[in-house]
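K.L.:
let me see the structure of the following:
(chains A, B, C and D)
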There are 4 protein chains.
Amino acid sequence: MQRIKLGMMGGGIGAFIGDAHRRGARITNKYDLIGGVFDVDYERSKEFAKYEGISLDRCYATLEDFIKGELALPKEERIEAVSIVTPNNLHYPMAKMLLENGFHLICEKPMTMTVEEAEDLEKIVNETGLTFALLHTYTGYPMVRQIREMVNKGELGDIQRIDAKYYQGWINPIAHGGKISEVWRLNPKAAGVSSCMGDIGVHAFNLIEYTTGLEVTEVLADLSKVVSEVELDLDGTVLIRTNGNAKGVLRSSQMAIGEENNLSIAIYGSKAGVKWSQENPNYLKILSDDKPVQTMKPAHPYNSNFAAISHTMPPGHPEGIYEAIANIYSGAAKQIKGEEIISGEYPTVVDGVRGMKFIHNVVKSSSQNGEWIKL
Amino acid sequence: MQRIKLGMMGGGIGAFIGDAHRRGARITNKYDLIGGVFDVDYERSKEFAKYEGISLDRCYATLEDFIKGELALPKEERIEAVSIVTPNNLHYPMAKMLLENGFHLICEKPMTMTVEEAEDLEKIVNETGLTFALLHTYTGYPMVRQIREMVNKGELGDIQRIDAKYYQGWINPIAHGGKISEVWRLNPKAAGVSSCMGDIGVHAFNLIEYTTGLEVTEVLADLSKVVSEVELDLDGTVLIRTNGNAKGVLRSSQMAIGEENNLSIAIYGSKAGVKWSQENPNYLKILSDDKPVQTMKPAHPYNSNFAAISHTMPPGHPEGIYEAIANIYSGAAKQIKGEEIISGEYPTVVDGVRGMKFIHNVVKSSSQNGEWIKL
Amino acid sequence: MQRIKLGMMGGGIGAFIGDAHRRGARITNKYDLIGGVFDVDYERSKEFAKYEGISLDRCYATLEDFIKGELALPKEERIEAVSIVTPNNLHYPMAKMLLENGFHLICEKPMTMTVEEAEDLEKIVNETGLTFALLHTYTGYPMVRQIREMVNKGELGDIQRIDAKYYQGWINPIAHGGKISEVWRLNPKAAGVSSCMGDIGVHAFNLIEYTTGLEVTEVLADLSKVVSEVELDLDGTVLIRTNGNAKGVLRSSQMAIGEENNLSIAIYGSKAGVKWSQENPNYLKILSDDKPVQTMKPAHPYNSNFAAISHTMPPGHPEGIYEAIANIYSGAAKQIKGEEIISGEYPTVVDGVRGMKFIHNVVKSSSQNGEWIKL
Amino acid sequence: MQRIKLGMMGGGIGAFIGDAHRRGARITNKYDLIGGVFDVDYERSKEFAKYEGISLDRCYATLEDFIKGELALPKEERIEAVSIVTPNNLHYPMAKMLLENGFHLICEKPMTMTVEEAEDLEKIVNETGLTFALLHTYTGYPMVRQIREMVNKGELGDIQRIDAKYYQGWINPIAHGGKISEVWRLNPKAAGVSSCMGDIGVHAFNLIEYTTGLEVTEVLADLSKVVSEVELDLDGTVLIRTNGNAKGVLRSSQMAIGEENNLSIAIYGSKAGVKWSQENPNYLKILSDDKPVQTMKPAHPYNSNFAAISHTMPPGHPEGIYEAIANIYSGAAKQIKGEEIISGEYPTVVDGVRGMKFIHNVVKSSSQNGEWIKL
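P.N.:
Numbers count the residues shown, from 1 in each chain, chains lettered A, B, ... in the order given. Below you'll find the predicted structure:
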């Protein structure tokens, strides 16, 4: 086994999401983190490298230095793939430059700030043939992959109704506690056009398209700031229509008091339905017209192949979100190495474009007091 | 204890809903069923009376006969209250005539076929001062009443988001099995302007207003027939806005395969949230910013007074839907006898008017491809 | 339909269990309560009769008066069946006298105070051919009946392990709050040889034999008073062995803080397993070697016949403990009227004998520091 | 940060448990696996080393070679700690030799084959002062650590009842499918004196002592082979008594059809009770006399300090069994580096001795038809 030489943009001392990416990568055992630009402050970046046991030669002051330095190395020593875990507004320029210089990417979401940027990245990825994995974490869960395969094999029949939600409550005490300005996600300059839909609603959207294989064709939204001092949506409901005539709804809130990270989906088809919830990811309920409700769990022979390869422990040994991240990192590694992959093993740049369209059109629909807008 | 002399319109042999009313009434021990018009077919009506042990003298051929016969009796022998459990289209004319002749009523929902009829009944009830109880069954559950009191006392703070759903799946095999014409609920003449929203969505609507004390001021709906041969909605989502600036969503389907009778509500306030589900009615989850989730159950000293009187067994002895019906019948009995009642002990004619407005405006909004309509 | 003329011993004003019996009987619509001895205090007994609308002619001062008075009536007016809901120590003498005078009985548990009394009643029932129903309430739940039929049809294969529990916590605050003497169940004279096993453990024992059809052949127990001032067991574990070589365990406590009425059973066979819990009685989990866990609910075509007749509402409309009582009252009514009944429709005098043997031998085993004792 | 140089005994190609240890170690980022004896077959061992990217210089043919080779290296290059993941019978001789040569150990359970061996290891660990971590995985879960701290702070009051279980079902199809001889756990030579209690019952035992801080002082067991061809216990129940006068029960089975890895514990104290289940490890139920049931989850300010450091993600992001293993590896690393640790951060050699005593005495009690035996 040859591990992939991995670099990282951002993710230095105290960075939560960078740590999550590194744990996921380590679980796979398919990557070695050997360099990067871990902080805008070069000293702090070096401090992190030292802590992490990374050679200071590979700890660069800027992205430009990184590219120059790595390209100067013989190919067999060079970093092959880079994780981007910076603030959102840097995702696009960094991704663009890294792709143009031949690096594979694993990028934290949201992919970009605008639809145009997203489409630009899509074009570059297509032209270069490089691997671009977007970290829609929740697609890494075995039972989510089970749904995707069940739908794909027709086991649900025609999809009739889709019901997705993503509820969190962590902004409630902030919004009512007068600490709005301390949270960058509530600042349009840092967060973009949306808080709730941009940060979490888009995960629910991705989950809908990922599991059903359908495309959302139209949206109608009613978003809410809840607290008048806030500039962005903290809560909203989106009516959706898809190709194939399914309808549904996507609900999302960051003000749903007491909710932790409640991403859930229910899909009702003509032959069967499924229900899954992220906080209890190892349970998948299957509903039908005439049989008792079935509860599927990972690691059983009755699992689909894709679900089976996404869980390593025996039944009843719960795996969690780090393993979901690892599954996506693992899929990207297979792609980078040119191994055969299963459709959906990692979310792609196409998912990133879809997500940006969703966010922007949902905001637009709501600002027009609820117009149907084609995606 | 003097039991109330009860009559019944409809509910004869083989009638499911009539049986449910009678069980509920018997549980209370506050009613004696002693007469009625149990079937349009007089012979079958008498057959039922015989089976039930009701004197044939009090089994009438028509509503007119019933009124004439009962009014001819001395007051102390006369039927005082009547349960209406006929097909929907008879609710209004029968209720009107019975009220005008001085009978208290317990009426199965929907109250009427049109908003105008509903408003007419409201007027008559107000004029006569008679008791009119509408059987929105789910308001009879102790934990639903607990929510109502918690909101009322301000324990949830300002309501920020409301999320109600009512999913059933029983029409799915019918719709795909070519048996549409056999189901009267799918026939506009019998069911009115709506199937899904009229039959079950309206329960979710009632539950929202009952528990939160808010009024839904605007709705925007996207309904679906799902199967092209069907003339009425079988599925839909309704965006709602209320006075007090809460927003929310009401989801309903009769095509949600495998769902049984999944009426659920989540209410998120600034101080606390609650979640309740009809299929497991004795559990109420309380969410807050900083405490573990709490699960309330009936019959504990921590229950509100209204919840406490709505459950008779000790903790852990589950009561069910018949006891919820009994609670409503019991509330109506207290009103009829002039005893003090708690606000919400039975749904009233006002709830009936609200429900009809909901149904008609939701259908209208959807037919206009999603316009906001004021209720 | 001819309702059975029902009498009642005990159950007057303020009596919880008498009220539960009456509600159960009313739900069935198969009984009319028309007389009895509702209280040792005749004045209070008459007060109750008046409240309940029972003719004072049929409200007797003593059991002897009751028998004399009723036997003096023409057979078609006479009370046919009697519910015994007095304190425990009166069950046996009253049952004996009533049986000897030709009355069918529905008796609250425990049936008697001693094994000998129990066996005596069994003998009398066999000789008279009268109906004797013992209110082991939990056998009235549809999903419990479903288990019984599944085991009976061999769907579980050979039973390998049985795990039953009955946990309550209500005595914990009493035992630690110095109020022991206020609770009659903690007084050997009133409660007999056991508190925990006698009051609730015996229900778990009954549930084991009822569902599996096996006989417990040996027990080994370790009981505990927990609090030294108490004279009877408040907590205990019983190892069991059955015919057919199954083993298992029965756990019971009245000191399991925060538990309400947690009677649960798991049965593991060679082909399938089941799990059921009284607090959520409408769910039955089915486990197997190679399939997802299935959750059965009432009112589906996949239910066994016995489960099907034990639930009247459509799927998803929860019925509760009063309906379980009603199911037992209904079974007894069928027997009284000579209609065909299903095996297990009501618990019999044989269950009562088994229960008394269980209680006495468990106490004996524990007092011998854990000897295996044959039942 | 200086990573600990880690070696491994066993765990080569296809070894499930070795892989789990490595994942756990990698998640912590506190270890580098750099050598070992991965297989008895040296060629396969080297094959694994190559695959894993380990220098062949550090891949040894035998334990003796390993010790000789490592001790020959300068101290700063030398492997400091070794994971033992071989078959059970090698744990003791390898651990002994490694300790005697100055290596810290992380050892898979069971620690040894006999009580004497266990006590010998305890002696050596005490004499050498080396770190010895036993992988009782389940003590690594945050909510298990929460229980330990709550009990320790007296939040449960006096422990009155303990109820632990560990149910699996995977041997059921093997036992009934005639494949008994293919499973080494069913062979006394490989597995020792017990299958069910030795493999999984002992985890439940450890969990009891770990969470309550009590010592089990006496056991009485009834074990069962279930299938006559099997030589070891596959199922059993153990009555327990502890210091402090608590009583309880430990149930365990490998024949509980359809159970996956159902390790659960309920502890009832005089002030509060707790319930936890391994398959859903991020939920902890708290029961009390007078408050609603509370459900604690990780990553909240209300968590104890020990629970808090055992979960890295925000609330609602489930961590699983690999993270539990990582938590134990992390505790051992702190000990090895001489950092301050929290009591219970890793299970010790003392836990290993207790476990061996449990297994041997439970088997002895059962063979004497249920005698109480002091531990």
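K.L.:
in the stretch 251-375 of chain A, which spans are strands?
P.N.:
A:262-269, A:273-277, A:284-287, A:293-296, A:373-374 (DSSP state E, counting those that start in this stretch).
K.L.:
format those strands as CSV; extra columns: mean pLDDT and mean neighbour count.
P.N.:
The way it works is simple: take the backbone N, C-alpha and C, and place the C-beta from them, glycine included. As requested, these are arranged in CSV below (pLDDT from 0 to 100; neighbours: other C-beta atoms under 10 Å in any protein chain shown):
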stretch, mean pLDDT, mean neighbour count
strand A:262-269, 98, 24
strand A:273-277, 98, 23
strand A:284-287, 98, 22
strand A:293-296, 98, 20
strand A:373-374, 98, 14
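K.L.:
A:Leu156 - nearest residue in space that isn't next to it in sequence?
P.N.:
In space, A:Leu156 comes closest to A:Gly269 once its chain neighbours are excluded; the distance is 3.1 Å by C-beta to C-beta, 6 or more residues apart in numbering or on different chains.
K.L.:
is that neighbour in contact with A:Lys153, as I believe?
P.N.:
No: with contacts defined as C-beta atoms under 8 Å, A:Gly269 does not count as touching A:Lys153, sitting 11.6 Å away.
K.L.:
chain neighbours aside, what residue packs nearest to A:Phe66?
P.N.:
Once its chain neighbours are removed from consideration, A:Phe66 has its nearest residue in A:Tyr60; the separation is 4.1 Å (C-beta to C-beta, 6+ apart).
K.L.:
save the strands of the stretch 251-375 of chain A as CSV, and put in distance to B:Thr128 too.
P.N.:
Shown next, in CSV, are these (distance: least, C-beta to C-beta, whole Å):
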stretch, distance to B:Thr128
strand A:262-269, 45
strand A:273-277, 48
strand A:284-287, 47
strand A:293-296, 48
strand A:373-374, 51
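K.L.:
pull the longest helix from chain A.
P.N.:
When secondary structure is assigned using DSSP state H, the longest helix within chain A turns out to be helix A:349-367.
K.L.:
how far does that helix sit from the chain's center?
P.N.:
Relative to its parent chain, helix A:349-367 has a centroid offset of 14 Å by C-alpha atoms, centre = their mean, to the nearest Å.
K.L.:
related to what we said a few turns ago, now the residue nearest to A:Leu156, which residues is it bridged with?
P.N.:
Counting by DSSP bridges, A:Gly269 forms beta bridges with A:Ile159.
K.L.:
equivalent analysis for A:Ala81, please.
P.N.:
Under DSSP bridges, the residues paired with A:Ala81 across the bridge are A:Leu6, A:His104.
K.L.:
could you count how many residues lie near it?
P.N.:
Applying other C-beta atoms under 10 Å in any protein chain shown, we find 24 residues neighbouring A:Ala81.
K.L.:
now stretch A:107-120: buried residues?
P.N.:
Of the residues in stretch A:107-120, those with enough neighbours to count as buried (16 or more other C-beta atoms under 10 Å in any protein chain shown) are A:107-113, A:115, A:117-120.
K.L.:
please flag which of the residues you listed sit within helices.
P.N.:
Counting by DSSP H, those place A:115, A:117-120 in helices.
K.L.:
quick test: name the residue nearest the centre of chain A.
P.N.:
Among the residues of chain A, the smallest C-alpha distance to the mean C-alpha position (C-alpha atoms, centre = their mean) belongs to A:His136, namely 1.5 Å.
K.L.:
point out the residues in the stretch 51-200 of chain A that sit beside chain D.
P.N.:
Where proximity means C-beta under 8 Å from any C-beta of the partner chain, the interface of the stretch 51-200 of chain A facing chain D comprises A:51-53, A:168, A:170.
K.L.:
pick out the most distant pair among these.
P.N.:
Taking C-beta to C-beta, the two most distant members of those are A:Gly53 and A:Gln168; they sit 34.7 Å apart.
K.L.:
more neighbours: which of those two?
P.N.:
The neighbour comparison of A:Gly53 against A:Gln168 (other C-beta under 10 Å) goes to A:Gln168, with 25 against 13.
K.L.:
thought that one was touching A:Ala204?
P.N.:
No: using C-beta under 8 Å as the test, A:Gln168 is too far from A:Ala204 to be in contact (11.5 Å).
K.L.:
check which helix or strand A:Leu239 maps to.
P.N.:
With elements delineated by DSSP states H and E, A:Leu239 resides in strand A:235-242, which encompasses its position.
K.L.:
right, I'll call it a day here.
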